[in-house]
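Novice: just coords:
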């Protein structure tokens with residue numbers, strides 16, 4: 001017999017298919033309106049506002065369709081986040097592919113350390129997929145939760161600065177600190193997600209706030225819209241996981 005939910009309306013909102021569709025269409029619509037689909041990485045530099053009629057020809061010549069793939073990755077990542085919030089392991093599976101897409105795009109937007117940071121996220125997500133197949137219960141906060149959050153931040157700063165030293169890219173201190181903070185928050189949150197800590201979504205709230213700042217600086221319109229939606233979604237999912245508990 002299923003347990004009675006403490007906040008059924010909140011659970012209904014978290015599981016709403018309408019929010020899935022709304023978030024996806026919001027990202028896609030804004031990117032089309034702002035002509036973000038015409039962003040490419042070609043001949044070693046970013047180019048904005050390329051006409052879609054010219055895009056295919058440039059891709060054939062070696063251009064990377066950064067705008068289209070960023071938009072696709074944003075929608076893919078959004079659906080992954082929504083499904084994880086619904087406590088469905090398929091969300092972690094989708095996140096594997098979203099991570100590969102995001103890593104390539106982030107590198108081309110100037111984060112050279114993405115070469116060594118995103119593979120770590122990839123393997124943590126693989127671990128989450130395996131862990132969720134046997135771990136059905138949400139977990140209360142304990143000493144290990146704080147350990148995972150702290151170790152994620154420590155590892156992140158080390159890898160980001162190492163990547164900048166080895167591979168170049170943008171090396172200004174403000175950018176490296178920002179990228180390190182974002183990566184550290186995501187590392188801790190992804191590990192906590194693998195263990196299904198209720199407070200995982202608190203980490204994502206902070207993460208999404210910082211990501212908004214970063215993507216505004218990068219002019220990555222697809223991600224700006226995505227992280228506004230993510231921030232709202234993280235708040236409601238946090239209260240759902242803590243108030244309503246396990247998947248019922």
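Specialist: Cool, got the structure. Everything quoted here is computed from the prediction, not taken from an experiment.

Novice: ok, and the closest non-adjacent residue to residue 149?
Specialist: Once flanking residues are discounted, residue 149 sits nearest to residue 188: 3.9 Å by Cβ to Cβ, 6 or more residues apart in numbering. Where C-beta positions appear, they are placed from N, C-alpha and C, glycine not excepted.

Novice: and if you look at residue 41?
Specialist: residue 64 (4.2 Å).

Novice: is it true that that neighbour touches residue 43?
Specialist: No. Applying Cβ atoms under 8 Å, one finds residue 64 not in contact with residue 43, separated by 10.5 Å.

Novice: who has more neighbours out of those two?
Specialist: Neighbours per residue, other Cβ atoms under 10 Å: of residue 64 and residue 43, the larger number sits with residue 64, 17 against 10.

Novice: separation between the more buried one and residue 131?
Specialist: From residue 64 across to residue 131, the span is 34 Å (Cβ to Cβ, to the nearest Å).

Novice: cool, residue 7 as well?
Specialist: As defined by Cβ to Cβ, residue 7 lies at a distance of 26 Å from residue 131.

Novice: can you pull out the strands in this structure?
Specialist: Remark: strands assigned in the chain by DSSP state E are 40-42, 45-47.

Novice: and the last one, what's its mean pLDDT?
Specialist: By that I understand strand 45-47. Averaged over strand 45-47, pLDDT sits at 84.

Novice: now do it: which elements does it pack against?
Specialist: strand 40-42 (3 or more Cβ pairs under 8 Å, 6 or more residues apart in numbering; DSSP states H and E).

Novice: next one: the strand it packs on to chain centre, how far?
Specialist: In terms of Cα atoms, centre = their mean, to the nearest Å, the centre of strand 40-42 is found 22 Å from the chain centre.

Novice: just checking, what packs against that strand?
Specialist: Applying 3+ Cβ pairs under 8 Å, 6+ apart, we find strand 40-42 packed against strand 45-47, helix 52-60, helix 66-85.

Novice: around the residue nearest to residue 149, how many other residues sit close by?
Specialist: By other Cβ under 10 Å, 27 other residues sit near residue 188.

Novice: ok, it to residue 93 distance?
Specialist: Distance, residue 188 to residue 93, using Cβ to Cβ: 21 Å.

Novice: ok, residue 165 next?
Specialist: According to Cβ to Cβ, residue 165 and residue 93 sit 34 Å apart.

Novice: now swap in residue 178 and tell me
Specialist: Per Cβ to Cβ, residue 178 is found 29 Å from residue 93.

Novice: ok, back up a step: give me whichever of the strands of the chain is most buried.
Specialist: With neighbours defined as mean count of other Cβ atoms under 10 Å, these peak in mean count at strand 40-42, which reaches a mean of 20.

Novice: which residues does that one contact?
Specialist: For strand 40-42, contacts defined as Cβ atoms under 8 Å, 6 or more residues apart in numbering pick out 46-47, 50, 55, 58-59, 61-67, 108.

Novice: what do you get if the cut-off is 6 Å, keeping everything else the same?
Specialist: By Cβ atoms under 6 Å, 6 or more residues apart in numbering, the surrounding residues in contact with strand 40-42 are 47, 50, 63, 64, 65, 66, 108.

Novice: same check on stretch 175-193?
Specialist: Residues from elsewhere that reach stretch 175-193 (Cβ under 6 Å, 6+ apart): 111, 117, 124, 128, 148-149, 152-153, 156-157, 160, 164, 200, 203-204, 206-207, 210-211, 214.

Novice: mind listing what's buried along it?
Specialist: 175-176, 178-193 (16 or more other Cβ atoms under 10 Å).

Novice: please apply the same query to stretch 15-34.
Specialist: Within stretch 15-34, the residues scored as buried using 16+ other Cβ under 10 Å are 15, 19, 23, 24, 26, 27, 28, 30, 31, 34.
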